[in-house]
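> whatever this is, show me its structure:
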Amino acid sequence: METIAMPFIFIYHIVRYILLSPKRILNYAYSGILAVTDKLSRGKVSKRKEEKSKENSAILEVEEMMAATKNASTEKISINKEPEISFRYKIRGSNGKIVNGTFEGPNANEVKIFLQNEGYEVLEVVPRKFYDIDVNIGGKFNAADLSFSLTQLSTYLKAGIALIDSVRILEKQSEKPEQRKVYQKVVYELLKGENLSTAMERQNGKFPALLVNMIKTAELTGDLTSVLDDMADYYTSKEETRKAMVSAMTYPVIVLCIAIGVIIFILVSIVPQFVDMYKDNDAEIPAITVFVMNASDFIVNYYFIIIVGLGLFIGIFIYLYKKNRKFRKNIQLILMHIPVFSQIIIYNEVYNFTKTFASLLNHGVFITDSMEVLSKITNNEIYKELIAKTIINLNKGANISESFKGSWAFPVAAYEMIVTGEKTGQLGLMMEKVANYYQVLHKTLVKQMQSFIEPLMIAFLALIVGTILLSIVVPMFDIYGKIQ
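This next block holds a predicted model:
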């Protein structure tokens with residue numbers, strides 16, 4: 001097969017080289033022009049670097065991190081209309097460590113200049129091959145990442161550090177390679193003259209839509225640090241809520257996994273030994289023992305089918321939940337009608353809705369624009385329909401509260417607070433109070449659920465294991481009777 005495939009591979013590379021030759025020639029010519037202009041302007045740039053290093057007065061806490069970036073050029077990169085190409089680079093940082101990564105740019109020379117300006121020693125910049133796969137996938141910022149990064153960014157800006165240098169510091173201190181790459185791209189866009197919101201928006205969904213819209217509003221009002229602080233508090237609150245849910249579910253999940261493991265071990269290893277003993281002694285086997293024996297045989301003989309079936313079921317379920325809106329809505333409806341769980345979901349959704357709505361209103365975002373943002377940050381189809389209904393009512397001139405009136409998914413207390421906010425003209429303030437109230441309710445309910453599930457899971461484990469042991473012990477009485 002390899003000898004047959006070799007001619008086709010050779011022909012493919014020849015054709016590919018011929019097709020790409022004009023592009024390579026243009027790139028080499030363009031790189032040569034840039035190299036000449038770069039040498040002519042390097043003297044001026046070095047003087048600017050020296051002046052900037054003398055004027056640098058960063059606070060002590062960030063002095064070490066600023067040392068790597070204070071000599072970086074802050075000249076804006078010329079906006080190039082060439083289509084961006086993906087390059088793989090090899091650089092050496094200030095600590096002497098060699099780092100490999102990828103970056104998108106119009107040509108290799110511009111990527112090299114950008115990396116040099118960022119304080120790296122560039123060892124190699126080459127176009128990525130068609131088989132070169134970037135392993136640094138992901139890079140999306142969660143609530144914990146955003147809480148820390150926004151607090152740091154606000155602190156640097158308040159200390160008088162330039163925005164570009166502040167983002168550079170975040171890049172240097174980032175421990176995740178994929179997030180470091182995102183920060184590099186943000187710096188690249190800022191050097192091209194783009195706003196921070198635009199630079200973040202161009203990162204293919206790495207930053208939440210809410211954050212991008214809030215920063216865009218802050219850029220219009222000129223109050224960026226205040227918005228950064230508010231958003232840091234917002235994501236800190238979201239992270240606390242998430243941790244509370246994870247903490248509540250960790251113990252039940254661990255107990256459930258242990259229970260399943262113990263049950264499978266008993267059915268596979270212990271029950272078959274007793275089955276042989278019962279057959280040898282012609283013991284009378286009750287119905288409960290027959291059921292356990294059949295379950296044991298099924299697991300032993302069809303374990304591969306069980307594993308594949310479970311894997312397919314979980315995979316199809318996850319796929320449909322992510323891709324099929326109707327399926328996702330039906331699952332959410334079922335969960336939102338289960339006792340206790342329904343209240344946890346509703347309280348969490350109401351908290352997220354009111355907290356986000358309050359942040360948008362308090363920073364001057366129009367109500368219709370706020371609803372558009374809210375519809376993008378929730379994954380619950382029931383609340384998406386409520387928000388869509390609100391947008392329609394607003395276009396008709398109706399109040400926001402009309403959409404939530406009588407809705408089973410929106411508590412009466414929250415609805416009344418919206419009505420009060422509309423009447424008093426303090427809707428943002430009322431939304432903050434609603435958010436705080438339902439956050440406390442959500443945390444309290446999560447703790448109660450945790451206290452309720454723990455003994456329930458122990459009782460479940462005892463019941464299952466006890467049933468299996470009972471099915472093993474009962475036939476022994478028949479054997480004992482025959483011996484007597």
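> can you count the residues close to the residue nearest to residue 467 when sequence neighbours are not counted?
Nearest residue to residue 467, sequence neighbours excluded (Cβ to Cβ, 6 or more residues apart in numbering): residue 288, at 7.0 Å. Yep, even glycine has a C-beta here, placed from its N, CA and C like the rest. Neighbour count of residue 288, defined by other Cβ atoms under 10 Å: 15.
> beyond the strand or helix carrying residue 288, next helix or strand please.
Element membership for residue 288 (DSSP states H and E) is helix 287-301. Remark: after helix 287-301, the chain's next helix or strand is helix 303-323, criterion DSSP H and E.
> packing partners for the helix or strand following that next one?
Proceeding N to C from helix 303-323, the next assigned helix or strand is helix 325-335, under DSSP H and E. Applying 3 or more Cβ pairs under 8 Å, 6 or more residues apart in numbering; DSSP states H and E, we find helix 325-335 packed against helix 303-323, helix 341-362, helix 381-395.
> domain map for the chain?
Following automatic domain parsing, one finds the domains of the chain at 1-37, 259-484.
> show the average pLDDT along the first one.
Which is domain 1-37. What domain 1-37 shows for mean pLDDT is 45.
> what of the longest one?
Mean pLDDT, taken over the full extent of domain 259-484, equals 87.
> now that domain, how far from the centre of its chain.
21 Å (Cα atoms, centre = their mean, to the nearest Å).
> tell me which of the domains of the chain lies nearest to residue 100.
Nearest to residue 100, of all the domains of the chain, is domain 1-37, at 21.5 Å by Cβ to Cβ.
> can you count the residues close to residue 101?
The number of residues near residue 101, taken as other Cβ under 10 Å, comes to 17.
> in the stretch 151-300 of the chain, which spans are helices?
163-173, 177-191, 196-201, 209-221, 224-265, 271-280, 287-301 (DSSP state H, counting those that start in this stretch).
> dump stretch 90-104 to CSV, restricted to CA.
What follows is stretch 90-104, C-alpha atoms only, in CSV (Å, rounded to 0.1, in the frame of the first residue of the first chain):
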residue,chain,number,x,y,z
LYS,A,90,9.9,29.2,18.7
ILE,A,91,10.9,31.9,21.2
ARG,A,92,13.1,32.3,24.3
GLY,A,93,11.6,34.3,27.2
SER,A,94,13.3,36.5,29.7
ASN,A,95,13.8,33.5,32.0
GLY,A,96,15.7,31.7,29.3
LYS,A,97,12.9,29.1,28.8
ILE,A,98,12.1,28.2,25.2
VAL,A,99,8.5,28.3,24.3
ASN,A,100,6.7,26.9,21.2
GLY,A,101,3.4,28.3,20.0
THR,A,102,1.3,29.5,17.1
PHE,A,103,0.2,33.0,16.0
GLU,A,104,-1.9,34.4,13.2
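> rounded mean pLDDT for that stretch, please.
79.
> of the domains of the chain, which stretch is the most buried?
Most buried of the domains of the chain, by mean neighbour count (mean count of other Cβ atoms under 10 Å): domain 259-484, with a mean of 15.
> quick one on the thing from earlier: how about JSON lines for the helices and strands packed on helix 325-335, with distance to residue 219 added?
JSON lines is the format used below for the helices and strands packed on helix 325-335 (distance: least, Cβ to Cβ, whole Å):
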{"stretch": "helix 303-323", "distance to residue 219": "33"}
{"stretch": "helix 341-362", "distance to residue 219": "15"}
{"stretch": "helix 381-395", "distance to residue 219": "25"}
